[in-house]
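A.B. asks: Sequence plus predicted model, see below.
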Amino acid sequence: MNNSRYALGDKQVNDISLKDLAKRTRYGGIFYLLAFWAAVFSSATARNHLDIIGVFSGCFLLLQIYRLVLFFKVFSSHEIDYPSYFSRYAFIYNSSAIVWVSGSAWLFYINPIVDLPVTINMMAAAGISIGGITVLAPSYKIMRSYFVLICFPFALGAGLLLNEPGNWIVVGLILGYGVFIFVTGKQQNRMYWQALNDNLKLSEQAEELEKAKIAAERAGQAKADFLAAMTHEIRTPMNGVLGMAQLLAMGDLNDKQQQQVTVINNAGRTLMHIINNILDYSKISAEQLALEKIPFSSRNIVNEVMLLLAPQFEKKPIKLTCLVDDIPELVLGDPYRLHQILYNLVGNAFKFTDEGEISIKVSCKKRDDENKTMLSFSVKDTGIGIAPEEQKQIFEQFYQVSHFNPNIRGTGLGLSITQRLVELMGGTISVESEVGVGSTFSIAIPFAQTVQTAFKEPLASGNVGVKSDLPANLHVLLAEDNKVNQMICEQFFFKLGCSVDLVETGIMALEKFNGSQHYDVIFMDCNMPEMDGFSATVAIRQIEKDKALHQTPIVALTAHVEEDIKRRCLESGMNAFISKPFLFEDLEAIVNKTKMGGFFKQY
């Protein structure tokens, strides 16, 4: 067993090679016996010596029984003396070689004339016996001794006991064939141990890869947690940057100052878009992104996307149009992610289009069954287009079609995130494009059907309506522990004509609400000392219930953007959710909706 050149454990190697040898050789004695019978019974002279044939047959049969005994011992024993077992297999094959050569010599002796039948029988016997060398590939030592005991005595017997000149032809054929088979067996021995070495190394690598996979999953979770924490910490100071920049923009500035403030605003918004993309990508990669399944109107989602992006279209000579075919009024699914997908596609089209038109088309593509509706959305632009070779790469992470153009910037994650969201929702996305003409991105997403009723915004717990006689100028309670955020919110509310009371903890918010002062709307930070915003909201809703009061709209203010945080806000009794950093128009929209006396839920 020549395995010294392979870095494998002795016990592991011996166990594998011994069991392999046992499997290869367990029925070899039967073939020796059958080959011997074929040789002797084809000779009329040999058939007259049944007693000698019986002796040789008995030897082959005993060796076969011993093979089977060793085979069962090898596979049933827990503790194996490997050198002893390899010695036993060496005994079996050396004995088989001696018995075989002895039988062949006897056959040569009683058939000295080399005629065609004798030649065929002798060569067949030689070929079968020498061919057994390749079976011994796991053990080079056994193979070598077997070759020596089979080939040379067999050739010597043919040379001495067969008549000339045919005996030398038989000797030459036996030696030539024997050497060829031995060289082949030696090569098989090398290949066997190399394959064994490779397989064991692959097994070790598979175990290491499994461990690495587990470690990578843990690292991915840690990365996702780290990014979530970091984005939360980044959003709070970014709220100060963007908020102050907006307040400056509302002041009396000259043109140069206004331009400088606009740059700050645009840079801040771009930074937040990048942060959001990175966070979404991390959550998708870590398989932590959960989908909602609530009733919503896809028409409303499209309208919200168009309204949100409408100010950008004032900067370019581009027309934004929308065509909605006959589609169900309500479907069950995740409106937040559909909004994100369409926003990404339309925003991406705007980025690569300088003039012309961007159109959104919505249709009911097909119905898979009674409970599913396949909605199809397409976004078509007249932009720069995408070359055929780049169309295969645009959904890859960090890939950008026009990365060489300094006027077009981004992370290269938008389309990758969009594709992953579409696939997560069970849909498909495709692109058709021609350079210089434009591109069309098409998505098809299945949604569960729901009862076709008038779409109403869900009410918060308590089922008590909001008063419709709200004053024009609202009295706001702001619960926020960050001084910068307090300053920004207070000045935003002043510009909106609202009066504001500031508190820094949930307990102080609860005390203010339970006092004599009435508040038209409450803006509640989620993370505050002593009592957080969730607990404060639950306590306020309980007070309203105990005193049979109308519900006061409560709006969450938080730097968290995770779906479970949004869900927790709504479950605690809040009516809306605003992520930091928020803009002036975000607070303005909430104030306007409050003045109209309606509950609301933000997608």
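C.D. replies: Structure received. Numbering: from 1, shown residues only.
A.B. asks: Break down the stretch 1-150 of the chain into its helices, ranges please.
C.D. replies: 10-25, 28-41, 50-76, 82-110, 116-131, 140-161 (DSSP state H, counting those that start in this stretch).
A.B. asks: Save those as CSV, and put in mean neighbour count and mean pLDDT too.
C.D. replies: Glycine gets a C-beta too; all of them are placed from N, C-alpha and C. Converted to CSV, those look like this (neighbours: other Cβ atoms under 10 Å; pLDDT from 0 to 100):
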stretch, mean neighbour count, mean pLDDT
helix 10-25, 16, 73
helix 28-41, 18, 80
helix 50-76, 15, 89
helix 82-110, 18, 81
helix 116-131, 18, 53
helix 140-161, 20, 74
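A.B. asks: residues in contact with residue 298?
C.D. replies: By Cβ atoms under 8 Å, 6 or more residues apart in numbering, the residues touching residue 298 are 327-328, 331, 338, 362, 375, 447.
A.B. asks: which pair in the residues you listed spans the largest distance?
C.D. replies: 328 and 338 (13.7 Å; Cβ to Cβ).
A.B. asks: With neighbour numbers in mind, choose between these two.
C.D. replies: Remark: of residue 328 and residue 338, residue 338 carries more neighbours, 27 against 16, as counted by other Cβ atoms under 10 Å.
A.B. asks: mind checking the SS state of the more buried one?
C.D. replies: helix (DSSP: H, G, I helix; E, B strand; the rest coil).
A.B. asks: Residue 258: which element?
C.D. replies: helix 255-285 (DSSP states H and E).
A.B. asks: Show me what whichever helix or strand comes after that helix is packed against.
C.D. replies: Heading C-terminal from helix 255-285, the first helix or strand you meet, by DSSP H and E, is strand 294-296. Judged by 3 or more Cβ pairs under 8 Å, 6 or more residues apart in numbering; DSSP states H and E, strand 294-296 is in contact with strand 331-333, helix 335-351.
A.B. asks: can you tell me the average pLDDT over strand 294-296?
C.D. replies: Mean pLDDT, computed over strand 294-296, is 86.
A.B. asks: tilt between the following helix or strand past that strand and helix 335-351?
C.D. replies: Heading C-terminal from strand 294-296, the first helix or strand you meet, by DSSP H and E, is helix 298-313. Helix 298-313 runs at 30 degrees relative to helix 335-351, counting by axes from the mean of the first three to the mean of the last three Cα atoms, to 10 degrees.
A.B. asks: can I get the CA coordinates of helix 298-313 in PDB?
C.D. replies: Taking C-alpha atoms only, helix 298-313 is exported to PDB below (Å, rounded to 0.1, in the frame of the first residue of the first chain):
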ATOM      1  CA  SER A 298     -52.700  49.400  -7.000                       C
ATOM      2  CA  ARG A 299     -54.200  52.500  -8.700                       C
ATOM      3  CA  ASN A 300     -53.500  54.500  -5.500                       C
ATOM      4  CA  ILE A 301     -49.900  53.200  -5.400                       C
ATOM      5  CA  VAL A 302     -49.300  54.300  -9.000                       C
ATOM      6  CA  ASN A 303     -50.800  57.700  -8.300                       C
ATOM      7  CA  GLU A 304     -48.700  58.200  -5.200                       C
ATOM      8  CA  VAL A 305     -45.500  57.400  -7.100                       C
ATOM      9  CA  MET A 306     -46.500  59.900  -9.800                       C
ATOM     10  CA  LEU A 307     -47.200  62.600  -7.200                       C
ATOM     11  CA  LEU A 308     -44.000  61.900  -5.400                       C
ATOM     12  CA  LEU A 309     -41.900  62.200  -8.500                       C
ATOM     13  CA  ALA A 310     -43.800  65.000 -10.100                       C
ATOM     14  CA  PRO A 311     -41.500  67.800  -8.800                       C
ATOM     15  CA  GLN A 312     -38.500  66.200 -10.400                       C
ATOM     16  CA  PHE A 313     -40.100  66.200 -13.800                       C
END
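A.B. asks: Please save the CA atoms from stretch 339-355 in CSV.
C.D. replies: Only the C-alpha atoms of stretch 339-355 are listed here, as CSV (Å, rounded to 0.1, in the frame of the first residue of the first chain):
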residue,chain,number,x,y,z
HIS,A,339,-44.5,51.4,-4.2
GLN,A,340,-40.7,50.9,-3.9
ILE,A,341,-40.5,48.9,-7.1
LEU,A,342,-42.4,51.4,-9.2
TYR,A,343,-40.5,54.3,-7.6
ASN,A,344,-37.2,52.7,-8.5
LEU,A,345,-38.2,52.0,-12.1
VAL,A,346,-39.7,55.4,-12.8
GLY,A,347,-36.8,57.1,-11.0
ASN,A,348,-34.3,55.1,-12.9
ALA,A,349,-36.0,56.0,-16.2
PHE,A,350,-35.9,59.7,-15.2
LYS,A,351,-32.2,59.4,-14.5
PHE,A,352,-31.4,58.2,-18.0
THR,A,353,-33.9,60.3,-19.9
ASP,A,354,-33.2,63.9,-20.9
GLU,A,355,-36.3,64.6,-22.9
